[in-house]
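**Student:** this one's sequence-less:
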Ligand code: AMP
């Protein structure tokens with residue numbers, strides 16, 4: 001016998017969430033809207049594994065990023081290969097794009113994904129260790145029109161979901177040509193101020209000073225405020241790309257702010273970077289972000305292929321919807337309860353309920369050997385519209401009794417007519 005006192009009730013691991021039946025309608029709705037909207041833009045869904053070779057993320061996201069440095073869940077398989085739970089979706093999508101040669105038929109490949117991501121972060125409201133994202137990637141075009149479409153599609157999803165008061169911030173983080181000049185300018189600027197930066201930023205100063213701009217530490221923020229602007233360092237190509245993007249956004253009435261300090265937590269971004277946030281969420285207010293990643297495909301072994309993408313946190317989208325009181329279609333619930341007057345009727349009742357479900361009628365019966373009275377109470381609690389009462393007397397006539405729970409009326413209905421009765 002197991003010693004009961006020694007059994008500790010298990011809890012979900014830190015930073016993970018159960019999505020309970022009461023919450024699932026929100027998820028179904030959000031997932032349905034995402035798929036519907038993104039397909040109208042021609043994006044097709046791709047599903048990649050929940051884990052990849054660790055190397056993919058080290059090469060793709062960048063060694064100096066917090067995600068790779070501190071937040072990856074890595075483990076070894078039995079042969080000692082290092083694997084990592086995916087912390088983001090873009091590197092896996094690009095890996096799959098190359099592995100399956102998806103550009104074979106089309107120069108431009110437009111993909112979207114939905115799924116769980118894993119980051120070993122300090123959990124707090126809106127920040128979890130397992131969370132869900134939807135994302136979209138357009139691989140193959142260098143045109144700022146593509147960036148504009150990605151931004152438009154992302155905002156379209158939010159709008160269709162009924163989210164309000166979102167703000168879009170855009171920036172350019174330059175390219176291989178012009179970013180080194182900016183990095184040097186940042187180094188020169190922060191050189192004298194290094195001692196006033198947090199320990200993380202002092203390390204960032206050495207490895208990748210652009211990351212300093214992303215620091216939330218108030219002391220660092222003070223120092224960041226007056227740092228050089230990227231716009232003084234962009235090359236002609238990046239400048240023109242950014243100006244064109246703004247024109248495209250203007251042409252379809254998308255409102256944005258330009259923030260030269262916006263950088264993103266992944267190293268692969270070039271040119272456009274953008275973030276969408278909700279005023280309703282407090283500290284963790286980013287509901288999504290994205291940008292251009294013109295070198296990622298080649299960093300992962302492909303030919304030079306420009307690309308742009310976006311990813312959004314679904315938990316934060318749902319939290320915003322709840323705060324804004326957005327109504328979500330709910331499950332209709334059980335329509336019909338099939339009750340038995342005695343245990344002799346269970347077999348015919350089981351056949352009836354099985355057939356009802358084949359006709360797409362949502363039906364439930366008793367599995368706890370309840371009396372007819374208790375079954376009627378269950379049916380009431382489920383708020384069903386009808387109860388089919390299966391009893392020997394009616395069965396002899398090839399019939400069942402159907403009770404309309406709204407008006408209390410009962411009528412005998414032939415077994416062969418039950419389905420048409422409900423239809
Ligand atoms: P990122 O690419 O890191 O900017 O992530 C894109 C979006 O995913 C963010 O804007 C958030 O909405 C969401 N997200 C990122 N990390 C987390 C997390 N740890 N928990 C919940 N949502 C997250």
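**Tutor:** Great, that's in hand. Since the model is a prediction, treat every value here as computed from it, not as a measurement.
**Student:** The closest residue to residue 44 other than its chain neighbours: neighbour count?
**Tutor:** Closest residue to residue 44 apart from its sequence neighbours, by C-beta to C-beta, 6 or more residues apart in numbering: residue 111 at 6.1 Å. C-beta coordinates here come from the backbone N, C-alpha and C atoms, glycine included. Neighbour count for residue 111, taken as other C-beta atoms under 10 Å: 22.
**Student:** Pull up the per-residue confidence for residue 113.
**Tutor:** pLDDT, residue 113: 98.
**Student:** Would you mind listing what in the protein touches the ligand?
**Tutor:** With C-beta under 6 Å from any ligand atom as the criterion, the chain comes near the ligand at residues 88, 119, 121, 126-128, 131, 133, 264-265, 286-289, 311-313, 315-316.
**Student:** show me what contacts the residue in the stretch 201-350 of the chain that the ligand sits nearest to?
**Tutor:** In the stretch 201-350 of the chain, the residue that lies nearest the ligand is residue 313 (2.5 Å; C-beta to the nearest ligand atom). Each residue near residue 313 by C-beta atoms under 8 Å, 6 or more residues apart in numbering is listed here: 126, 131-133, 286-288.
**Student:** quick revisit: and what about the residue nearest to residue 44, helix, strand or coil?
**Tutor:** Assigned by DSSP: H, G, I helix; E, B strand; the rest coil, the conformation of residue 111 is strand.
**Student:** is it true that residue 200 lies in a strand?
**Tutor:** No - counting by three-state DSSP, residue 200 is not part of a strand but helix.
**Student:** give the contact list for it.
**Tutor:** Residues counted as contacts of residue 200 (C-beta under 8 Å, 6+ apart) are 215, 217.
**Student:** That one and residue 355, how far apart?
**Tutor:** Distance, residue 200 to residue 355, by C-beta to C-beta, to the nearest Å: 64 Å.
**Student:** follow-up on the earlier one: how far away is the residue nearest to residue 44 from residue 217?
**Tutor:** Noted for residue 111: a distance of 36 Å to residue 217, by C-beta to C-beta.
**Student:** now do residue 53
**Tutor:** As judged by C-beta to C-beta, residue 53 and residue 217 stand 33 Å apart.
**Student:** do the same with residue 264
**Tutor:** Per C-beta to C-beta, residue 264 is found 18 Å from residue 217.
**Student:** Show me which of these two is the more surrounded one.
**Tutor:** Taking other C-beta under 10 Å, residue 264 and residue 217 do not tie; residue 264 has more neighbours (22 against 15).
**Student:** So that one, which state does it fall into?
**Tutor:** Under three-state DSSP, the three-state class of residue 264 is coil.
**Student:** Next: residue 338.
**Tutor:** Recorded secondary structure, residue 338: strand (three-state DSSP).
**Student:** Which strand residues bridge it?
**Tutor:** Listed by DSSP bridges, the beta-bridge partners for residue 338 are residue 365, residue 388.
**Student:** count of neighbours near it?
**Tutor:** The tally of other residues near residue 338 (other C-beta under 10 Å) stands at 28.
**Student:** thinking it is in contact with residue 364, fair?
**Tutor:** Yes - because the distance of 7.5 Å satisfies C-beta atoms under 8 Å, residue 338 is recorded as touching residue 364.
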